[in-house]
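> Generate a structure from the sequence data that follows.
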Amino acid sequence: MKWTFEQLKTFKVVAELGTMTAAAEALGFTAGAVSQQMSALQGSVRRPLFARDGRRVILTDAGRTLLRHAAVLLDDERRAAAALSGPQAEQRAVVSVGVFGSAAVSAMQPAISYLRSSSPNVAIQAVEVDVETMPQAVQESRIDIALGLNYGDAPQPPLRGVESQTLHQEPFLMILPPSDRGQLRTPQALVEHANSSDWILPPVDTYFGRACRFACARSGIEPNVQHLVTDTAVSIALAESGIGITLATPLMMGLRPTAAPTAVLPGEPSRSIVAIVRSSALERDSVRAVRDALVHAFRSRPALG
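Numbering: from 1, shown residues only. The predicted model follows:
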């Protein structure tokens with residue numbers, strides 16, 4: 001059905017006033033113009049909308065049904081027009097942001113606070129996404145923008161139409177058993193100790209698991225992995241218990257603070273928190289505003305790493 005909003009507006013006035021002539025006077029049209037619009041509307045609906053009652057017209061059952069739905073459509077159109085012509089703050093846009101544990105805790109609150117002052121018409125909807133599938137989720141438009149990861153020794157392959165911007169870089173830290181406190185004073189001693197110790201790492205088929213092993217190799221360490229654990233908090237707790245060494249980053253330790261001894265992994269391997277977004281999505285002012293808010297969230301918190 002190919003009716004227009006103009007036809008629906010005229011139809012509503014005719015239904016309310018009861019004559020084509022009265023509707024024409026109210027709308028500033030000629031009676032012929034109103035009659036033509038109603039003929040076109042009835043042709044689109046393919047059902048009679050009016051019946052004669054003396055000099056007046058009354059609605060048929062089809063006309064009553066159309067009037068009920070037309071009122072809703074016209075009200076929605078009025079509100080949409082008012083929002084788009086009103087102050088910018090009324091034009092609310094919601095941007096979905098893919099997040100994962102440590103980055104979400106670090107970035108969401110400062111980014112949302114920044115948006116409230118810089119772009120009050122833009123809202124963030126955080127969506128938890130597996131960090132390994134984050135780039136694909138962005139490419140497939142399941143989310144508008146994402147907080148993702150990139151490891152220098154295990155970079156993510158590029159995806160067509162998707163770009164990344166580094167927001168924050170942080171080192172790998174070794175979480176050591178409490179008994180190691182104060183004993184490992186040089187990088188060489190740390191490497192020797194690490195090569196003779198048990199380790200707690202994620203499985204090699206995970207992105208972080210592969211990155212950990214590449215980072216260790218850069219440092220001259222061949223970890224003797226005795227415990228395969230994906231959850232960072234559990235890994236840190238196990239290191240605290242004294243059964244082995246694990247790896248984390250400053251942001252990750254924000255989720256699970258520890259009093260266990262720590263040391264920067266020799267060789268200074270690092271990981272980057274990145275903003276991932278489709279190039280085409282940056283045509284939207286709201287998406288650019290959220291990316292700027294994420295940049296601000298990390299730049300304003302240098303203590304994170």
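
> got a list of contacts for the helix or strand of the chain with the lowest mean pLDDT?
When each helix and strand of the chain is scored by mean pLDDT, DSSP states H and E, helix 61-85 comes last, with a mean of 85. Under the criterion C-beta atoms under 8 Å, 6 or more residues apart in numbering, residues 5, 8-9, 11-12, 15, 45, 47-50, 59, 90-91 lie in contact with helix 61-85. (C-beta placed from N, C-alpha, C; glycine too.)

> partner strands of the helix or strand that that helix is followed by, parallel or antiparallel?
On the C-terminal side of helix 61-85, the closest following helix or strand by DSSP states H and E is strand 93-99. Sheet pairing for strand 93-99, assigned by DSSP bridges, gives strand 122-128 (parallel), strand 145-151 (parallel).

> Strands of the stretch 151-300 of the chain, residue ranges please.
162-171, 173-175, 198-201, 224-228, 246-248, 262-264, 270-278 (DSSP state E, counting those that start in this stretch).

> Among those strands, which comes closest to residue 141?
Residue 141 sits nearest to strand 270-278 of all the strands of the stretch 151-300 of the chain, at 7.1 Å, using C-beta to C-beta.

> Just the CA trace of that closest one, in PDB.
Listed next in PDB are the C-alpha coordinates belonging to strand 270-278 (Å, rounded to 0.1, in the frame of the first residue of the first chain):
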ATOM      1  CA  SER A 270      53.100  -5.500  25.900                       C
ATOM      2  CA  ARG A 271      49.500  -5.500  24.900                       C
ATOM      3  CA  SER A 272      47.400  -2.700  23.500                       C
ATOM      4  CA  ILE A 273      43.800  -1.800  24.200                       C
ATOM      5  CA  VAL A 274      42.300  -0.700  20.900                       C
ATOM      6  CA  ALA A 275      39.100   0.900  19.600                       C
ATOM      7  CA  ILE A 276      37.800  -1.200  16.700                       C
ATOM      8  CA  VAL A 277      35.200   0.400  14.400                       C
ATOM      9  CA  ARG A 278      33.900   0.000  10.800                       C
END
